[in-house]
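> Predicted structure and sequence below. I'll ask about it afterward.
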Amino acid sequence: MSVVLNATMSLDGFMAGPDISVEHPMGRGGLRLHEWIFNASTSDVDAAVAQEVSASTGAVVLGRRTFDVGVEVWQDTPFPVPCFVLTHDPRDRLVMKNGSFTFLTCDVQSALRQAEAAADGKDVTLMGADIAQQALRAELLDEINLQIAPVLMGEGRRLFDHLGTEHIELERTRILASPHVTHLRYHVTYARNAPSGGAPTQVPEQHT
């Protein structure tokens, strides 16, 4: 079981366009980032990665804004698993067709503990830039499963803002390419666990 950020971003670092709202859940122009999902039927690589994420997810932690702009689009939970929403405005548990949303007013560490207990040995998936940044600052994120779309957005919501000054080292464990996106996977190594010296480990690349 790992805590995993699954996200798609543009080459210049944006995971959503500007003016995120219920009308534009991914911001203006943000749907361009997820064309690899819509086109998964034309790419075995993309279809396999999407299936892998779905099969490995046992629980989800997301922020309130991600819930607010996404729930009408999903018409369900984003994955068929228990979902935990970090919020300053608590509300009753919301039961959907394939899962439920539980609203928590605790910190991200407590939320992850509850999600891990519900995940039944599978991964806890993080959704939303703010949740990802909180988990990174708290040194609680284990893996980053990142899709790089071949586009420069120019503006919008950045995925890796507000991380502080701590050194976070990433060990690349996979690279896969499709016509629509480049899939990268990293293991996260924080400063307190980083090696003190020596040559970096070379990870074999995987090509399609």
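Structure's in. What do you need?

> ok, and the helix or strand in this structure with the lowest average confidence?
When the helices and strands of the chain are compared on mean pLDDT, DSSP states H and E, helix 35-38 comes out lowest with a mean of 86.

> Show me what that one is packed against.
If you count contacts as 3 or more C-beta pairs under 8 Å, 6 or more residues apart in numbering; DSSP states H and E, helix 35-38 packs onto helix 44-56, strand 143-149. Placement of C-beta: from N, CA and C, glycine included.

> any chance of the ones you listed in a markdown table, plus mean pLDDT?
Below are those laid out as a markdown table (pLDDT from 0 to 100):
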| stretch | mean pLDDT |
| --- | --- |
| helix 44-56 | 93 |
| strand 143-149 | 96 |
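
> Tabulate those in TSV, adding columns for mean neighbour count.
Below are these laid out as TSV (neighbours: other C-beta atoms under 10 Å):
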stretch	mean neighbour count
helix 44-56	16
strand 143-149	21
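
> Would you map the strands across the protein?
3-10, 14-16, 57-63, 82-86, 94-95, 100-104, 123-127, 143-149, 157-158, 168-177, 182-190 (DSSP state E).

> who does the longest one pair up with?
Using DSSP bridges, the strands paired with strand 168-177 in its sheet are strand 182-190 (antiparallel).

> Let me see the residues that make contact with the partner strand.
Residues outside strand 182-190 that contact it (C-beta atoms under 8 Å, 6 or more residues apart in numbering): 45-46, 49, 136, 139, 141-148, 150, 166-177.
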